[in-house]
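Enquirer: the amino acid sequence is not available; the structure is as follows:
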C-alpha cells in the first residue's frame, strides 16, 4: 500500500495502526524558523479527541503528542518534523477473531491485500485522522494569514442545531447512526493560489476531503445547488467558492463535506453514533494542509 | 504554471491554447502491444464535439486528431503517445481587447501570472477538455474489462428529460444559462483498485472530476444524501458507491458531478447555454483515466 | 513505459520516435512573462545538430523547431510550452528488418515491452536529445544569473585536443569508435539551491547526466580522484564541486560525464564515430534543466 | 526542506537528527504478506554499526531498531512500516557553540535555511544512513531473487587490501583521512527492469548513490574507463554494466562509488578516518531500495 503521503512541497506521511504501539506522522517541507511546540499541536488534538462530549465515542485517550525531530530551541529547522502518539488505550482483544464487518472496508482490504490486521480497522480507523490533525496544526503555522473554521452544518439532514441532541439520543437508543454535513471556510487566502488545469485548488481540496473516512460528497462554493441552478442570477445568489478557474480569488473559500452515518455501532468496538461530528477538525486540518502546500507551490511557480 | 499533468503510472500532459495553432496531449505509461488507431480516438472526440446538436455552441470544428508517436503498425509500443488537433476555426479577433470577463477565471489568472493570453480563455477553455477525451480514449483500451457511461441526469434541477428542451429554449431566449448534473457509472471494475489513505479511489475520482471546468460538486455513491441520512437503514436504500475504504468492491462505481451554469453568454465568444451537457464525455474520460492509472498501480503494489 | 518526464516544478516531457513524423517536448512550469522565441531555441539546436562538422554523423536535418503553445506576443504565459520538430529526413527503410543490434538497447526493450519500433533506435535514439536541448534552452531563460558551459575534455583518453583529429580519423578508418569525457561548469548559481538528503543537487545532476544515452559515469567536483585521495590536503588541491551537503555553495559547480564509444558503426544506420562529441550540448541542457527546477523549488521551500 | 523521501512505488521517508531523541524511517509501498521481523533489520544495522572495528569511529551505539507499524503476526500488511532507533549516546555538548565546520555542509545549510541545529551535523550526519540501511533491509525482502553485495575496492587509491591497515594507521596518526571506492554488484535482476528515457535504471542508481554523504562519483559498469576507451574492442574487455538503454539485461549489475576523505577529524566530534569504509552497507541498501522500487514499477508498467 503506497500513497500514505499527501502534498507536493508541504508533504506529510502518516503511519500506524489504531491498535499498534503508536501512530505517527512525518511532515516534510515545513519552512525553517517557525515557532513550534508540542502544546500548539496538542491543542488541536484535544479539540478532536474522543471522549470530550456525550455524543462521541467514550474511548478516553490522552493523545499526548511528542515531537521527535525538526525543531531546535522551539523553532523549525526545515528538516522533517516527526510526531508520534502512543496508543495507551488499545484493547485489541475487543476485536479478536471478528469477521470482516459489514459496511466496513475490511472486505475491500482483503480483496486488495489478502492479509489484514483485524484489530480496530487498522489504518482505516478514525484514529489515523489524529495525525492529520497534528500535521494540520503545523500547516496552520505556515499560513498565518489564513483563518480556517469548520463547523457541523447539518446532522441527519437537520440544520437547526437545537434539534440535534434529540436526534442523537434517538439514534443512540436505537443503536443507529446519523449522517452529517460539515461546512468549512478559509478566510485570508490571497488571490493566486492554485493552478488552472489538473491541480486546481478546488480539485486539491476535493481530493483532501474525499480522502477522509466516511466522506461521500464534496461541494466547493455553490456546489450541487449550482448544478440545479436556472440562470446566472440564481447562481449569483449562492455562496461563492472563492476559487475561479482553479485559482483563489482573494474571497473566502467555502466548501461542504458530507459524512455518511457510522457503519459499525454495536458490533464490539467502541464508536460514535455520528462520526461526522468529529469530522470538523479533520476537515479543518485537510484544508490547512492543502493551503500550506499551495502557498509554497505558488512561491515556487511565480516567485 | 505547473501541473498540466495528471496520473501516476498512466499519466497524461495536455498543452495548447484554444486559439493557438494546435492543442495536444502526451500520454505516458500506456502499456505496449495495445491496438490503437486514430479512428478509435476520433470516435470519442466526435461524441463531445461542439456543433452536433442545437443545444450546444455552434462552433464547427472538425477536431481531426493525429497520433504522432507511440504507435507502430497499429499497436502501442510503450513509448509516449503524442496526439494533436489543429485549431482550424480559431477566430481570435472575436476576443481582441476584451477586458477580464466577469464570472470567468481571467481575473484569477491575472492575479497569479500577471500576464495572460486574452484569446478565448486560453488554457481554461472548454477546448482543453478535447485532449482529456483523447487521452481517455486511450485509457479505455487499458481497462477493457470496465464499461464507463455518463449521462445528463438533471438540467436546471429538472430530472425529467422531456422538459429539458423547453428549459434550454427559454434560457437561450433570455441569454441565460442552466446548471446540470452528470451521473457516471463504471461497471466491471474488479475489487481491489485504489488505496486506503490518501490516494483513495474516491478521492482520485473527486479530484479528477472537480478539475473539470465549471464543476462545483462531486458525490460518490450515496453522496450528500448520506450526509443527510437518518440511520443506516436509510443509507442502505441509497445508491452504493462501489468503493469501500478507498478501494473498489467489485460493484459498479457511481458518481455524480455538478456543473454550474455557463458564465459568459452574450459577451463576444461563442458558448453553450448549458456547458454541463457537454460534460458527460469529459466525465467519462476522467473516470477512465483514473481507473487505467489505478489498474497499473494495483498491479505494481500487489503483483 | 512511464517516466518520459523530468523535473519537479520545472518539468518537461519528451515524445517521438526518431523515424516517426515528428518529435516534441512539453515544458510545464515555466514562469510567466519571460521573453521566448523560436530563434532562441533554434540557436541551441543548431549547436548540437548532426552534420555540422566532419567528425559527426552526416545526417543533415534542418531541425526547425516550432513553438505551438505557452507563448503570447513573444512572452511565456505560464502555460505549457509545446515544441516540435518534424522528422524530414527519416529514412526508415535503412532499418527495415534489422534484428536487435548488438550493443544496443534493442534486446533490453524486447525483454521489457515485447514489442518494439525497429526503426532507428526508437526513443533511445540520440535524436530524442534534441528535445532535451530545446527544453534546456527554455530552462536557461529561467536562470539568467547562471552561465553553463560544457566542453569535450578527453577523447579516447586523450586530453590534448590537438591529437583528437588523428584519433578520430583512425577510428573512422577502422569502422571503430572512441569514448569521450565532457566537463561542464555552472557559474553564478547562488548558495542555497538543492536539498540535503534525497534530492541533493549533486544527486539530481547525476541522475540527469546518467540518463543521457551512452553515459556510464558522473563525477561531481573532486569525483573519483577524491575516492583515491590520501589525506584532506590532496583533496583541497582538487577541483571543488560547488556543492556541499547537497546544497550549492555559491562557487562554480563542476562535473564530468563519461560517454562510452558508439556501439553501432557500420551496421546500416548513420552514426557518429564518437557520440560523446555531441554530448556537450546535451549535458549543458540537462544541467540547465536541473538548475531551473532547483531555483523554483528553492523559492517554494524557503521563500 | 522537502524531499526526505525516495522512491516511487516502494518509497521511504527518513527523519531525525543525530543528536535528537530518535531517528526513524517510514517505508510506504511494501507489498503485503512478507515475513518481516526486527531481527532481520537489526542484522543489517549491526553490519554498518560504528565501533565494530578499529578503523571506524569509536561511537558505541546499540542501534536497536523498533518496528512500530505495518507488521501483524510477523508479516507485512501492506500498510506503512515505521521503524525507529533511539539516540542513546547523543552527547550534544560536544558540539555546543561550534562555528560552521570547514569542509562540512554547515555553511550551505546556513545559506539555505538561515537556521540550523548545530549539534552533530543534524540531518547530514552519517547517522541518517542507519535508516536507509533499515529501509534497505525491508527492500531486500521484496526482491528475494536478487543478491546485492558491496565491498571496499580501494582505500586511498590502493586496491591491495593488504596495504590498507598501514594506510589507515598513518592517516589516524596524522589526524588525516582517506578516500575510498566501493564496488557493488546486484545479481539475479531479471531483464526488463528500468525505463528508457528519464528514469533509466542507471540514472536511478546514480541518484541513489550520489545522494549518500561524501560521495563524489558514480560509475555504472564500464564507467570512466569507457569514456577513455579507444574502440569497441577495448570496451568489450571492460566490466559490463548489466544495463542497456536504461533497462536491465539479466546480467549482473555493477557499479562503483567514490567517497571523498572524511572532512572533520580532530575538531570535537567523533568521526571515522575513512568514512568510505562504512559506505558499503549504505550502497547496498540504496541499490536494494532502487531495485525494489523498479520491480514494483515494472509490474505496474508491463503487467
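Expert: That came through, no problem. Given the structure is predicted, the values throughout are model-derived calculations rather than measurements. Residues are numbered from 1 along each chain as shown, chains lettered A, B, ... in the order given.
Enquirer: contact residues of the stretch 51-200 of chain A facing chain D?
Expert: Along the stretch 51-200 of chain A, the residues adjacent to chain D under the rule C-beta under 8 Å from any C-beta of the partner chain are A:68-70, A:72, A:75-82, A:84, A:112-117, A:122-123. (Each C-beta comes from the backbone N, C-alpha and C, glycine too.)
Enquirer: tell me, which of the residues you listed make contact with chain B?
Expert: With C-beta under 8 Å from any C-beta as the criterion, the subset of these in contact with chain B comprises A:112, A:113, A:114, A:123.
Enquirer: out of the residues of the stretch 51-200 of chain A next to chain D, which end up buried?
Expert: Neighbour-count burial (16 or more other C-beta atoms under 10 Å in any protein chain shown) applied to those gives A:68-70, A:72, A:75-82, A:84, A:112-113, A:115-117, A:122-123.
Enquirer: in strands, which of the residues of the stretch 51-200 of chain A next to chain D fall?
Expert: Among those, the members found in strands (DSSP state E) are A:72, A:75, A:76, A:81, A:82, A:84.
Enquirer: in helices, which of the ones next to chain B among the residues of the stretch 51-200 of chain A next to chain D fall?
Expert: A:112, A:113 (DSSP state H).
Enquirer: from the ones next to chain B among the residues of the stretch 51-200 of chain A next to chain D, which single one is nearest chain D?
Expert: Chain D has its nearest neighbour among those in residue A:113, at 4.0 Å by C-beta to the nearest C-beta.
Enquirer: residue D:70 is in contact with that closest one, correct?
Expert: No: distance between residue A:113 and residue D:70: 11.5 Å, which falls outside the contact criterion (C-beta atoms under 8 Å).
Enquirer: which neighbours do these two share?
Expert: Here residue A:113 and residue D:70 have D:77, D:78 as joint contacts, going by C-beta atoms under 8 Å, 6 or more residues apart in numbering or on different chains.
Enquirer: where's residue A:245 relative to residue C:300, distance?
Expert: Residue A:245 sits 21 Å away from residue C:300, taking C-beta to C-beta, to the nearest Å as the criterion.
Enquirer: what stretches of chain A score poorly on pLDDT?
Expert: Applying pLDDT under 70 to chain A picks out residues A:1-2, A:49-62, A:89-105, A:115-122, A:124-125, A:264-271, A:302-303.
Enquirer: what segments of it are helices?
Expert: Taking DSSP H as the criterion, chain A contains helices spanning A:38-48, A:106-113, A:128-142, A:164-173, A:201-210, A:223-227, A:232-236, A:279-302.
Enquirer: just name the most buried of the ones you listed.
Expert: helix A:201-210 (a mean of 29; mean count of other C-beta atoms under 10 Å in any protein chain shown).
Enquirer: do that helix and chain B meet at all?
Expert: Yes: if you take C-beta under 8 Å from any C-beta as the test, helix A:201-210 does meet chain B, through A:202, A:203, A:204, A:205, A:206, A:207, A:208, A:209, A:210.
Enquirer: ok, back up a step: JSON lines for the helices of chain A, including distance to residue B:29?
Expert: Putting these into JSON lines (distance: least, C-beta to C-beta, whole Å) gives the following:
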{"stretch": "helix A:38-48", "distance to residue B:29": "39"}
{"stretch": "helix A:106-113", "distance to residue B:29": "21"}
{"stretch": "helix A:128-142", "distance to residue B:29": "29"}
{"stretch": "helix A:164-173", "distance to residue B:29": "47"}
{"stretch": "helix A:201-210", "distance to residue B:29": "20"}
{"stretch": "helix A:223-227", "distance to residue B:29": "32"}
{"stretch": "helix A:232-236", "distance to residue B:29": "38"}
{"stretch": "helix A:279-302", "distance to residue B:29": "23"}
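Enquirer: chain C: which of those is closest?
Expert: Chain C lies closest, by C-beta to the nearest C-beta, to one member of the helices of chain A: helix A:279-302, at 2.8 Å.
Enquirer: and that closest one with helix A:201-210, angle?
Expert: With axes from the mean of the first three to the mean of the last three C-alpha atoms, to 10 degrees as the basis, helix A:279-302 and helix A:201-210 are set at 150 degrees to each other.
Enquirer: if anything else comes up later, I'll come back, but that's it for now.
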